[in-house]
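S.K.: Make a model of this:
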Amino acid sequence: MQFKLMDFQRIEKDLDSVVKNDIQGTLNNMKKENIELDGWELIDIPYERTYLFFNKGNKEAFDVELDERNTLVPHYYGVVDNSRVTKHPTFTIKESIKKYKLN
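M.R.: Predicted structure coming up:
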């Protein structure tokens, strides 16, 4: 599944209720953090309740994934403290975008 976040209201009726609620929650968090939706796309749902977002124009990305407490949390992927490239949870989407390492 791939679509522009600006088109969410137009396609939400076709989405599974869990996916719809998860994406709506992410959109609400983006708005709270003053992140413009323009240019952002949901590019993949590789696993249940894991969402990958990308802004091609800004070359920025963030992921949202269910954590062990059953809460959707933003993540980024990158090397931290000499670790292997792996996912790292963040408190905000902006933090995830800032720290995400795209190759």
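
S.K.: where does the residue nearest the centre of the chain land on pLDDT?
M.R.: Centroid-nearest residue in the chain: residue 63, 3.5 Å away (criterion: CA atoms, centre = their mean). Per-residue confidence for residue 63 comes out at a pLDDT of 95.

S.K.: And for residue 81?
M.R.: Looking at residue 81, the pLDDT reads 66.

S.K.: do residue 15 as well
M.R.: On the pLDDT scale, residue 15 is placed at 86.

S.K.: Quick check: closest non-adjacent residue to residue 62.
M.R.: Taking CB to CB, 6 or more residues apart in numbering, and ignoring the residues beside it in sequence, residue 62 has residue 96 as its nearest neighbour in space, at 4.0 Å. C-beta: built from backbone N, CA, C; applies to glycine.

S.K.: Outside of the host helix or strand of the one you found itself, list whatever touches it.
M.R.: Per DSSP states H and E: residue 96 is located in helix 93-99. Under the criterion CB atoms under 8 Å, 6 or more residues apart in numbering, residues 26, 29-30, 33, 35, 60-64, 74-76, 78, 88, 90 lie in contact with helix 93-99.
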